[in-house]
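Sharing a sequence plus its predicted fold:
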Amino acid sequence: MQGLHRRPDGASAIRWSLGFEDLALLNAKPAGTWLGFAAQLMMYRATGRFGRAATEFPDAAIAYLAEQTGALTADLAAYDPS
């Protein structure tokens, strides 16, 4: 399992990188949902499906998304996609 502070490498970093449009979309959401929403968005783009549990997202990807959104990795546990 990858550590929480490792960034995804190479193609994985590109796959989990948020664009300007993504950040604009996130800014329209409550701050506490940014990490979960970003994780779902990027998972859907990468796999064509949404994650069902926080454990489905790679730790390094969540840490990288948290860095991009200014969220805490712990925010993912509280995210309710409904």
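Perfect, I can see it now. Residues are numbered from 1 along each chain as shown.

State the next helix or strand along the chain beyond the least confident helix or strand in the chain by mean pLDDT.
Ranked by mean pLDDT, DSSP states H and E, the weakest helix or strand in the chain is helix 10-15, scoring a mean of 61. Moving toward the C-terminus from helix 10-15, the next helix or strand (DSSP states H and E) is helix 20-27.

buried stuff in that next one?
By neighbour count with 16 or more other C-beta atoms under 10 Å, helix 20-27 contains the buried residues Asp22, Leu26. (Each C-beta comes from the backbone N, C-alpha and C, glycine too.)

So which residues make contact with it?
Leu18, Trp34, Phe37, Ala38, Leu41, Gln68, Thr69 (C-beta atoms under 8 Å, 6 or more residues apart in numbering).

If I follow the layout properly, the last one ends up in contact with Lys29?
No - the pair Thr69 and Lys29 does not pass the contact test of C-beta atoms under 8 Å, sitting 10.1 Å apart.

Looking at those two, which has the bigger crowd around it?
Comparing Thr69 with Lys29 by neighbour count (other C-beta atoms under 10 Å), the higher total belongs to Thr69, at 22 against 12.

how deep is Ile62 tucked in, by neighbour count?
Other residues near Ile62 come to 24 when the count uses other C-beta under 10 Å.
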